[in-house]
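# Provide a 3D model corresponding to the input given below.
(one chain, ligands or ions: 1)
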Amino acid sequence: MKKYLLLLVLGLVCALIGLRAQTESPAGASTTTTTGATTQAESPAASGMTTTTTPTTDQHVVVTPADLKWGDTPPKLPPGAKLAVLEGDPTKPGPFTIRVKAPSGWKVAPHTHPTTEKITVLSGTFNIGSGPTADSSNTKALKAGGFVILPAGMQHFASVKGETIFQVSSEGPFVINYINPQDDPSLGKR
Ligand SMILES: [Cu+2]
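Residues are numbered from 1 along each chain as shown. Have a look, this model is predicted:
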């Protein structure tokens, strides 16, 4: 019985020492983000394509607007817009979610993706059209709360009116194939 008591006391002392060490650790140790589940991992890939979170099975992943790290869009998209990664890595296999903040007049020429693209409009006006030519008379204007599914291989184009924020979910690696190769902003026009 005495042995157990000794072990108990020893355990308590250890716990107290541990607690002290924790409180004495530098303040920097507590500067974690609200993502909770995992530490942030920087991806050295394309500009703006930094991974914010990697979900685990036992914890939810919370991302607040303040957590977002806005960067430039990759060269395959027209310049001027900002991009933040909420989930996954668009350059790698697997699901991802990104948010794009585009200035008024920003547009993406007709293109396809090898994976299905899902877009939710958060603010502004997002004009989406289908087909191989950017016919502005043949678009649907989506406002905050608007949602569109663009199946893999489907030809589509988009433009925004007023500063517009929209969220894109798809499967990586995210590829943009322009119908007219000269529309590809990565080919020198940037
Ligand atoms: Cu698209």
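# Which residues are in contact with the residue lying closest to residue 81 once chain neighbours are set aside?
Sequence neighbours aside, residue 102 is the residue nearest to residue 81 in space, at 4.1 Å (criterion: C-beta to C-beta, 6 or more residues apart in numbering). Bear in mind the C-beta positions are built from the backbone N, C-alpha and C, glycine included. Residues near residue 102 by C-beta atoms under 8 Å, 6 or more residues apart in numbering: 80-81, 124, 160, 163-166.
# Please convert the buried members of the residues you listed into ChimeraX selection syntax.
Only the buried members of those enter the following ChimeraX selection, criterion being 16 or more other C-beta atoms under 10 Å:
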select :81,124,160,164,165,166
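# give me the number of residues near residue 184?
19 (other C-beta atoms under 10 Å).
# Over to residue 57?
5.
# Could you do residue 65 as well?
9.
# which residues of this structure fall in helices?
2-24 (DSSP state H).
# quick check: domain ranges of it?
1-31, 34-183 (automatic domain parsing).
# mind giving me JSON lines with these and columns for mean pLDDT?
Output for the domains of the chain, formatted as JSON lines (pLDDT from 0 to 100):
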{"stretch": "domain 1-31", "mean pLDDT": "46"}
{"stretch": "domain 34-183", "mean pLDDT": "90"}
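# and those domains, which is most packed in?
Among the domains of the chain, domain 34-183 has the highest mean neighbour count (mean count of other C-beta atoms under 10 Å), at a mean of 16.
# ok, the residue nearest to residue 70 when sequence neighbours are not counted to residue 56 distance?
Spatially, and ignoring its direct neighbours in sequence, residue 70 is nearest to residue 82 (4.3 Å; C-beta to C-beta, 6+ apart). According to C-beta to C-beta, to the nearest Å, residue 82 stands 28 Å off from residue 56.
# Next: residue 176.
30 Å.
# Check residue 133 too.
The gap separating residue 133 from residue 56 is 45 Å, by C-beta to C-beta.
# ok now do residue 133, which residues does it touch?
residue 110.
# Please disregard the earlier target; I meant residue 113.
150, 152-153, 170, 174-177 are the contacts of residue 113 under C-beta under 8 Å, 6+ apart.
# can you list those in CSV and add distance to residue 62?
Below are the contacts of residue 113 laid out as CSV (distance: C-beta to C-beta, whole Å):
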residue, distance to residue 62
150, 28
152, 30
153, 34
170, 22
174, 24
175, 30
176, 30
177, 34
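# Please identify which of those residues is nearest to residue 92.
residue 174 (9.5 Å; C-beta to C-beta).
# for the lengthiest strand in the chain, packing partners?
The longest strand of the chain (DSSP state E) is strand 156-172. Judged by 3 or more C-beta pairs under 8 Å, 6 or more residues apart in numbering; DSSP states H and E, the packing partners of strand 156-172 are strand 94-102, strand 107-112, strand 117-130, strand 139-142.
# between it and strand 117-130, how big is the angle?
Here the directions of strand 156-172 and strand 117-130 differ by 160 degrees (axes from the mean of the first three to the mean of the last three C-alpha atoms, to 10 degrees).
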